[in-house]
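**Q** Need the 3D shape of this:
(2 chains)
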Amino acid sequence: MKETLLELLTQALSTLKSEGVIPQDHEVEIKLDATRDKAHGDYACNLAMILAKPARMAPRQLADRLIAALPDSPAVSKVEIAGPGFINFFAATAAAAQIIERVIESGERFGRSDFGQGESVQVEFVSANPTGPLHVGHGRGAVVGDCIARLLEATGHRVTREFYYNDAGAQITNLERSVSARIKGLEPSDPAWPEDGYRGDYIADIAHAYRQGETVVADDRRVTAKADPEDREAIREFAVAYLRREQDLDLKAFDVPFDVYFLESSLYSEGKVAATVERLIEGGHTFEADGALWLRTTDFGDDKDRVMRKRDGDYTYFVPDVAYHLDKWRRGFTTVIDEQGADHHSTVTRVRAGLQALGVGIPAGWPEYVLHQMVTVMRGGEEVKLSKRAGSYVTLRDLIDEVGRDATRYFLVARRVDSQLTFDIDLARAQSNDNPVYYLQYAHARLCSVLKRAETQGTPFDQALGLANLGLLEDPREKDLLNRLAAFPEQVARAAKSREPHQIAQYLQELAAEFHTCYNAVKVMVDEPDMRNARLALALAVRQVLRNGLGLLGLDAPEEM
RNA sequence: GCGCCCAUAGCUCAACCGGAUAGAGCAACGGCCUUCUAAGCCGUAGGUUGCAGGUUCGAGUCCUGCUGGGCGUGCCA
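**A** Here you go, the predicted model:
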């Protein structure tokens, strides 16, 4: 429908150009929007207002000329000029309803597109260090990154999902010391407890498992405990594997898969950090001062220069980050999206500056970042402070257990990433029976139910008959649904381009609301076969789009509730 | 101090490249189950889009300045 209208407008535009009403060389992109208010028809175009100036004509007068130049089409039932010069199109029912046929034909592919043209894209997300369980903030990153990956896959990109973590630095030493202390029977309250050690109970669990000689299997490693309380290397290795396994279990329960686990230690062991440093020095953007090696990041927009190699000879964290991103670039990812918490936003300028300083032709704005704002957790009317060391903690697993996977995913992805988010656990649990996600799933279950009823009632859906009678779907509530269905593919494309999965959540709420309204007012299983089958065709199409949309968010589409 | 993000109904949030009368949910109030799932629907009420300017046919959206909140500003990650 929209394509048809765009075609008509393009023709009208070229007619006016050839008549000299609009300058021949004036390029304009025709914008056609679904209307918000149905008094304005189905689609509205602001072309006349945009072209008023170059045409030196009043917008409404120009709109008149445009309409006069529109070729006749059976798809359009009415065209009006409204307001300051909008051209409003009213779609003929039968033409609008053709979307149903397209949805049914395309099935689960409806909404997908190939504008990505097979581009190789990497989404790096979560990237939690193995020093503790995943918390709510990681959960937000996990869903957002996962849904961005799903959106990119649905739009023709080849997506690699990657998890990066530090398995060797000072934090890991701290982890080992904490576990060692627990193995020796120390508690965080003990005077001999390591300074800044991790105090959470999970440390004791690791110590216990180590002493028992347990074997842990994570997605990227498998380690059997030596049980030797003095072997610090063995303890370190075991603790990392143990926490990796815990994180993997959480992510699996959350339905968030990864393709690649990338170890920070590999950047050192494979000489990539050293090579990066060498290259940076050759590039001429480094200098030595105060016994340290610095990178002149101010050459690339940073507000001060940064230390690369500390006086003690260790590198600061951003050096391996630069080495890591150079590695990503060399792996051929033309687009890399790093999903992180906004508390890490200072790294953005540094990593990009480092990559520029390498002088290997990486574009200035590369990589792309999606930064989600902080999540605060409320429980019992009070904010729960997230502190790994103090061990007061709301884990992602707690949330999934208490609130449910789908509801947790939905809560964390339904909002724009740059708004701070308060996750009230009590509220989420209390509402678990009256939750926005159930609203969507219930719509799907209702549709399944009515389609099933057609079978059990002995009047199975006759698709050919239904499609032949789509012109009968004249109820305004049915037309709303048709327009909503037609908008899905561009909605998916827009959400993918802007990396904003919350748009899909929003869309589904609107689709479900329009369905519930329609379902309540318009009976599907009427006696008259033409009408019944037309409505069943609509039901099938709505169910399909609901299912496809839920899939993009990683949510179940239950057949009954 | 400087940098980034945010401010929309009582609360939690939407609003597509700047479009027409700013929309949902929760909470409040009043209705709808002898008819396809009431986890639903219909209706009422609720707003100077933080404040002040500017840009233009048109601003919640863009620009400037303020106020308030979050994060960052390590030779921590």
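**Q** tell me the mean pLDDT over stretch A:303-321?
**A** Mean pLDDT, stretch A:303-321: 92.
**Q** do it and RNA strand B meet at all?
**A** Yes: using CB under 7 Å from any atom of the strand, stretch A:303-321 reaches RNA strand B at A:303-304, A:306-307, A:310-312, A:314, A:316-317. Every residue, glycine included, has its C-beta placed from N, CA and C.
**Q** CA atoms only: put that stretch into PDB for me.
**A** Presented in PDB, the C-alpha positions along stretch A:303-321 are these (Å, rounded to 0.1, in the frame of the first residue of the first chain):
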ATOM      1  CA  ASP A 303      40.700  16.200  27.200                       C
ATOM      2  CA  LYS A 304      44.000  14.900  28.600                       C
ATOM      3  CA  ASP A 305      46.700  12.500  27.700                       C
ATOM      4  CA  ARG A 306      46.600   9.000  29.100                       C
ATOM      5  CA  VAL A 307      49.200   6.700  30.600                       C
ATOM      6  CA  MET A 308      49.800   3.500  28.600                       C
ATOM      7  CA  ARG A 309      52.500   1.900  30.700                       C
ATOM      8  CA  LYS A 310      52.700   2.600  34.400                       C
ATOM      9  CA  ARG A 311      55.900   3.200  36.300                       C
ATOM     10  CA  ASP A 312      55.700  -0.400  37.500                       C
ATOM     11  CA  GLY A 313      55.800  -1.600  33.900                       C
ATOM     12  CA  ASP A 314      52.200  -2.900  33.700                       C
ATOM     13  CA  TYR A 315      49.900  -1.500  31.000                       C
ATOM     14  CA  THR A 316      46.800   0.400  31.900                       C
ATOM     15  CA  TYR A 317      43.500  -1.200  30.900                       C
ATOM     16  CA  PHE A 318      42.900   0.700  27.800                       C
ATOM     17  CA  VAL A 319      46.000  -0.700  26.000                       C
ATOM     18  CA  PRO A 320      44.700  -4.200  25.800                       C
ATOM     19  CA  ASP A 321      41.400  -2.600  24.900                       C
END
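**Q** circling back: which among the residues of stretch A:303-321 next to RNA strand B end up buried?
**A** Neighbour counting with 16 or more other CB atoms under 10 Å marks A:306-307, A:316 as buried within the residues of stretch A:303-321 next to RNA strand B.
**Q** Residue numbers of the stretch 1-150 of chain A in contact with RNA strand B?
**A** So the stretch 1-150 of chain A meets RNA strand B at A:29, A:31, A:33-37, A:39-40, A:44, A:46, A:49-50, A:53, A:59, A:82-84, A:86, A:88, A:129 (CB under 7 Å from any atom of the strand).
**Q** Whichever of the residues you listed end up buried, select them in PyMOL.
**A** Paste this into PyMOL to select the buried members of these, with burial taken from 16+ other CB under 10 Å:
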select buried, chain A and resi 35+40+44+46+49+50+59+86+88+129
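**Q** So which of the residues of the stretch 1-150 of chain A next to RNA strand B belong to strands?
**A** Under the assignment DSSP state E, these contribute A:33-34, A:44, A:82, A:86, A:88 to strands.
**Q** What is the nearest of the residues you listed to residue A:364?
**A** Lowest distance from residue A:364 to those (CB to CB) belongs to residue A:33, with 33.4 Å.
**Q** who are the neighbours in contact with that closest one?
**A** Going by CB atoms under 8 Å, 6 or more residues apart in numbering, residue A:33 touches A:43-46.
**Q** JSON lines for those residues, including pLDDT?
**A** Formatted as JSON lines, the contacts of residue A:33 follow (pLDDT from 0 to 100):
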{"residue": "A:43", "pLDDT": "92"}
{"residue": "A:44", "pLDDT": "91"}
{"residue": "A:45", "pLDDT": "91"}
{"residue": "A:46", "pLDDT": "89"}
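**Q** Could you give the bridge partners of residue A:78?
**A** residue A:90 (DSSP bridges).
**Q** my guess is it meets residue A:41, correct?
**A** Yes: using CB atoms under 8 Å, residue A:78 is in contact with residue A:41, at 7.1 Å.
**Q** Now do the shared contacts for those two.
**A** Here residue A:78 and residue A:41 share the contacting residues A:89-90, scored by CB under 8 Å, 6+ apart.
**Q** So those two - more neighbours on which side?
**A** A direct count of neighbours by other CB atoms under 10 Å for residue A:78 and residue A:41 places residue A:41 higher, at 21 against 11.
**Q** ok, that one to residue A:289 distance?
**A** Distance, residue A:41 to residue A:289, using CB to CB, to the nearest Å: 68 Å.
**Q** Who are the contact partners of residue A:404?
**A** Here residue A:404 is in contact with residue A:432 (CB under 8 Å, 6+ apart).
**Q** can you pull the pLDDT of it?
**A** For residue A:404, the predicted pLDDT is 90.
**Q** Ramachandran coordinates for residue A:123?
**A** Main-chain dihedrals, residue A:123, degrees, to the nearest 10: phi -110, psi 120.
**Q** Name the residues linked to it by a beta bridge.
**A** Here residue A:123 sits in beta bridges with residue A:161, residue A:337, as judged by DSSP bridges.
**Q** Now for the contacts of residue A:33: which two are most distant?
**A** The distance between the two most remote of the contacts of residue A:33 (CB to CB) is 11.1 Å, for A:43 and A:46.
**Q** Could you tell me which ranges of chain A sit under the pLDDT cut-off?
**A** A:385-393, A:431 (pLDDT under 70).
**Q** go with 80
**A** Residues of chain A that meet the criterion pLDDT under 80 lie in A:25-29, A:379-394, A:426-434.
**Q** domains of it?
**A** A:2-91, A:99-111+A:435-552, A:170-253 (automatic domain parsing).
**Q** Could you point out which of those domains sits nearest residue A:321?
**A** With CB to CB as the criterion, residue A:321 lies closest to domain A:170-253 of those, at 14.9 Å.
**Q** do the closest one and RNA strand B meet at all?
**A** Yes: applying CB under 7 Å from any atom of the strand, one finds domain A:170-253 in contact with RNA strand B at A:170-171.
**Q** and that domain, how far from the chain's centre?
**A** With CA atoms, centre = their mean, to the nearest Å as the basis, domain A:170-253 stands 33 Å off its chain's centre.
**Q** now swap in stretch A:554-561 and tell me
**A** 20 Å.
**Q** ends of that stretch, how far apart?
**A** Taking CA to CA, to the nearest Å, the first and last residues of stretch A:554-561 lie 18 Å apart.
**Q** Okay, buried residues for that stretch please.
**A** Residues of stretch A:554-561 classed as buried: A:554-555, A:557 (neighbour count, 16+ other CB under 10 Å).
**Q** where exactly do the strands run in the stretch 351-500 of chain A?
**A** Applying DSSP state E, counting those that start in this stretch to the stretch 351-500 of chain A gives strands spanning A:368-372, A:375-379, A:382-384, A:421-424.
**Q** and the last one, what other elements does it pack with?
**A** So that's strand A:421-424. Counting contacts by 3 or more CB pairs under 8 Å, 6 or more residues apart in numbering; DSSP states H and E, strand A:421-424 is packed against strand A:375-379, helix A:405-413.
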